[in-house]
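Peer 1: Sequence and predicted structure, then a few things I'm wondering about:
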Amino acid sequence: MNKPETQIRLSGLLRCASGNEVEIVKTHLPDHIRLTKTEPGCISFEVSQTDDPLVWRVEEVFSDRAAFDFHQQRTRASEWFTATSMIQRDYVVTE
């Protein structure tokens, strides 16, 4: 019997160092969210600013490892990643 696929969850924080980085996130985030939500296997994808205006909560759920890996590859080649790669990320990925 085949083992059922396990959902992959990413949870954590995107920590901006300045107001300029916040503006970069605000500029590029809508398109990043739109593209991610259309990916095969994306169950949920939420990025929201916390009470601290420099910190964003990130919550992602993908149907399986293949869908998550596809998202990671697509993201690494995106305008979002190019623009925000210098912003600190504190993420935990669980299966």
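Peer 2: Perfect, I can see it now.
Peer 1: State the phi and psi torsions of residue 38.
Peer 2: Residue 38 has phi and psi values of phi -90, psi 0 when expressed as degrees, to the nearest 10.
Peer 1: Likewise for residue 39?
Peer 2: phi -70, psi 140.
Peer 1: and if you look at the one 5 residues further on?
Peer 2: Dihedral angles of residue 44 (phi, psi; degrees, to the nearest 10) stand at phi -150, psi 150.
Peer 1: Poorly predicted segments of this structure, please.
Peer 2: 1-4 (pLDDT under 70).
Peer 1: helices and strands around the helix or strand where residue 69 lies, which ones?
Peer 2: Mapping residue 69 onto the secondary structure by DSSP states H and E places it in helix 65-76. Applying 3 or more C-beta pairs under 8 Å, 6 or more residues apart in numbering; DSSP states H and E, one finds that helix 65-76 contacts strand 8-15, helix 19-37, strand 55-62. Quick note: C-beta positions are derived from backbone N, CA and C, even for glycine.
Peer 1: Turn these into JSON lines, columns for distance to residue 92 and mean neighbour count.
Peer 2: Shown next, in JSON lines, are these (distance: least, C-beta to C-beta, whole Å; neighbours: other C-beta atoms under 10 Å):
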{"stretch": "strand 8-15", "distance to residue 92": "6", "mean neighbour count": "17"}
{"stretch": "helix 19-37", "distance to residue 92": "18", "mean neighbour count": "14"}
{"stretch": "strand 55-62", "distance to residue 92": "10", "mean neighbour count": "18"}
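Peer 1: out of those, which comes closest to residue 79?
Peer 2: helix 19-37 (6.2 Å; C-beta to C-beta).
Peer 1: residues in contact with that closest one?
Peer 2: By C-beta atoms under 8 Å, 6 or more residues apart in numbering, the residues outside helix 19-37 that reach it are 14, 16, 42, 45, 47, 53-54, 56, 60, 71, 74-75, 78-80, 83-84, 86-87.
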